[in-house]
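S.K.: can't give you the sequence, but here's the structure:
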């Protein structure tokens, strides 16, 4: 087994840059985005997650993005590709590829569309675990997967050898708190709900996967530092008051379009989303620019 992986800090689930019209992955823009994140002192990166539009990419494109991100990070931060798929065979293929490419771990949402019965879900993760040697992060996003797990189910899932982390995007505050208080010796909870980041860190979470932080990683890291390093809730609340308006505006359009708009505004353009997601309207750009200015985020507009 590889050395035990520790996750700390802000871990952006990064956008996937596309060339005009979504024709192809834009490698140059992807490398610039990775450098932007690392220069902001993030704790890791997740390529090909929901923010990264994995659902609109081929398997070969997902593999390519993983290879580029791992190459560009050059071991400076952990890379945790999202390798979920609708079949166990495909999830194993993508996970083995990520491991061979140098990933530190993989993240998987369970097969979606038709919710799995519990024995089938356990079997799916067991099969992936048996095929790789790196840790697995369970992606808990019930509104997408149809699976809202309990603390007891997470503890059972953690009996599978490589399942070590949970990215909890359920928005269930009590569940996250339960996991921190009672189950973190079995499986490590990582916040995945943007608007609960401050709460999750204050409750003892050591890391937060944060898609929209792709375009304001410095401010997000400032929040983490205030809570975890400086242990100052007063300072953290001051930072959070700057972040909250950004979170509010993001909810006014599709998430992926919002993140890509933000990237363009701060000077790391990543192209438009792929259809069926459309580019955010001009009014959204204007509103987001206003809150970025007020929050103190440096932007190109």
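M.R.: Great, that's in hand. Quick caveat: nothing in here was measured; it's all calculated off a predicted structure. Numbering: from 1, shown residues only.
S.K.: leaving out the residues flanking it, which one is nearest to residue 63?
M.R.: Nearest in space to residue 63, with sequence neighbours left out and distances taken as CB to CB, 6 or more residues apart in numbering, is residue 97 at 5.2 Å. Backbone N, C-alpha and C define where each C-beta goes, glycine included.
S.K.: could you list the low-confidence segments of this protein?
M.R.: Within the chain, the ranges that satisfy pLDDT under 70 run 1-3, 300-301.
S.K.: show me what contacts residue 79?
M.R.: 44-47, 66, 69-70, 73, 102-104 (CB atoms under 8 Å, 6 or more residues apart in numbering).
S.K.: what does the helix or strand encompassing residue 10 rub up against?
M.R.: In this assignment (DSSP states H and E), residue 10 forms part of strand 9-11. The contact list for strand 9-11, computed with CB under 8 Å, 6+ apart, reads 41-46, 78, 80, 190, 206-210, 213, 217, 220-221, 223-224.
S.K.: now swap in stretch 202-209 and tell me
M.R.: Contact partners of stretch 202-209, identified using CB under 8 Å, 6+ apart, comprise 7-13, 43-44, 46, 49, 167, 169, 176-177, 180-181, 184, 188-192, 197, 200-201, 220, 224, 227-228, 233, 236.
S.K.: let's see that with 6 Å instead.
M.R.: 7-11, 13, 43, 167, 177, 180, 190-192, 197, 227 (CB atoms under 6 Å, 6 or more residues apart in numbering).
S.K.: and those residues, which two are the farthest apart?
M.R.: Among these, the pair separated by the greatest distance (CB to CB) is 13 and 177, at 22.4 Å.
S.K.: give the other helices and strands that the helix or strand hosting residue 28 contacts.
M.R.: Of the helices and strands defined by DSSP H and E, residue 28 is found in helix 27-39. Counting contacts by 3 or more CB pairs under 6 Å, 6 or more residues apart in numbering; DSSP states H and E, helix 27-39 is packed against helix 59-73.
S.K.: tilt between the helix it packs on and helix 27-39?
M.R.: On the basis of axes from the mean of the first three to the mean of the last three CA atoms, to 10 degrees, helix 59-73 is oriented at 50 degrees to helix 27-39.
S.K.: helices or strands up against helix 59-73?
M.R.: Checking 3+ CB pairs under 6 Å, 6+ apart, helix 59-73 ends up next to helix 27-39, helix 88-101.
S.K.: let me know the helix or strand that residue 167 is in.
M.R.: strand 163-168.
S.K.: quick one, phi psi at residue 139?
M.R.: phi -100, psi 100 (degrees, to the nearest 10).
S.K.: burial count for it?
M.R.: If you count neighbours by other CB atoms under 10 Å, residue 139 ends up with 26.
S.K.: so what's it closest to, chain neighbours aside?
M.R.: Using CB to CB, 6+ apart, the closest residue to residue 139 is residue 109 (3.9 Å).
S.K.: distance of that neighbour from residue 145?
M.R.: Going from residue 109 to residue 145 by CB to CB, to the nearest Å gives 5 Å.
S.K.: ok, residue 107 next?
M.R.: On the measure of CB to CB, residue 107 and residue 145 end up 13 Å apart.
S.K.: tell me the secondary structure at residue 138.
M.R.: Classification of residue 138 using DSSP: H, G, I helix; E, B strand; the rest coil returns strand.
S.K.: beta partners of it?
M.R.: Residue 138 forms beta bridges with residue 108, residue 166, as assigned by DSSP bridges.
S.K.: distance of residue 182 relative to residue 237?
M.R.: 27 Å.
S.K.: ok, residue 124 next?
M.R.: 41 Å.
S.K.: residue 86 now?
M.R.: 42 Å.
S.K.: same question for residue 298.
M.R.: From residue 298 to residue 237 the distance is 22 Å (CB to CB).
S.K.: more crowded one of the two?
M.R.: Neighbour count, other CB under 10 Å: between residue 298 and residue 237, residue 237 has more, with 14 against 11.
S.K.: which residues are contacting the helix holding residue 28?
M.R.: 12, 17, 45, 68-69, 72, 76, 217, 268, 270.
S.K.: let's see that with 7 Å instead.
M.R.: Where contact means CB atoms under 7 Å, 6 or more residues apart in numbering, the residues beyond helix 27-39 that reach it are 12, 14, 17, 45, 65, 68-69, 72-73, 76-77, 217, 268-271.
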